[in-house]
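1. Need coordinates for the below:
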Amino acid sequence: ATQDLEEDMETVKVSFQNKTLALQRMQLMAALRNKLRQNDDDSRLIMETMKQIVMLSKEIIEHQQQAREKEEKLIDVKRKRLSLKITAREKLHQIHTMSKKKKEEKTSIKESEMLEKIQNRLKRERDITTIIQNVFQNIILGSRVNWAENPSLKEIVLQLEKNVY
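-> Numbering: from 1, shown residues only. This next block holds a predicted model:
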């Protein structure tokens, strides 16, 4: 409650000061008008001073406008710079991703080449095994031994009948 009263008191003080200032300005303007109506040397001097004040006020306004425009340009430049930074980061990320993909592709190509070599070796070994099997079969059949009666020869011939593939 005390804080509310203090805040209300502060608000009333500020309002009173603003009203006092407004009243003083109106009184000053009324005094200046009365003085200007007299049309003497003092009134001319006041008029010239007021013209200079108006001219200086216009220049101040123009300079403030120029300052605002320059600030806006500066903000635009900062935005563009930020945009370029973001774009540069994205490009760097893309480059990193592409290099990673190329590395993976190289690894994949090497692996596929290695797999192909292994498959070729395996095929060659199977072909050699098939040829050896055929040679053994022909030797056994060419020797005219009755392989069906001998259990060890029977096992070998049946083993040779199996397809390597």
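2. Sketch out the low-pLDDT regions of this structure for me.
-> 163-165 (pLDDT under 70).
3. Please, where are all the helices along it?
-> For the chain, the helices defined by DSSP state H cover 2-38, 41-142, 151-161.
4. which of these sits most buried?
-> helix 151-161 (a mean of 12; mean count of other CB atoms under 10 Å). Where C-beta positions appear, they are placed from N, C-alpha and C, glycine not excepted.
5. Let me know the angle separating it from helix 41-142.
-> 140 degrees (axes from the mean of the first three to the mean of the last three CA atoms, to 10 degrees).
6. Which neighbouring elements make contact with helix 151-161?
-> Helix 151-161 sits against helix 41-142, with contacts defined as 3 or more CB pairs under 8 Å, 6 or more residues apart in numbering; DSSP states H and E.
7. Provide the angle between the direction of the helix it packs on and the direction of helix 2-38.
-> Using the same axes, to 10 degrees, helix 41-142 lies at 130 degrees relative to helix 2-38.
8. other SSEs contacting helix 41-142?
-> Using 3+ CB pairs under 8 Å, 6+ apart: helix 41-142 touches helix 2-38, helix 151-161.
9. For the shortest one, C-alpha coordinates in CSV please.
-> In other words, helix 151-161. C-alpha atoms of helix 151-161 as CSV (Å, rounded to 0.1, in the frame of the first residue of the first chain):
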residue,chain,number,x,y,z
PRO,A,151,34.2,-99.1,-49.4
SER,A,152,37.0,-96.5,-49.4
LEU,A,153,37.0,-96.1,-53.2
LYS,A,154,33.2,-96.1,-53.2
GLU,A,155,33.3,-93.2,-50.7
ILE,A,156,35.9,-91.3,-52.8
VAL,A,157,33.9,-91.8,-56.1
LEU,A,158,30.6,-90.7,-54.4
GLN,A,159,32.5,-87.7,-52.9
LEU,A,160,33.7,-86.8,-56.4
GLU,A,161,30.2,-86.9,-57.7
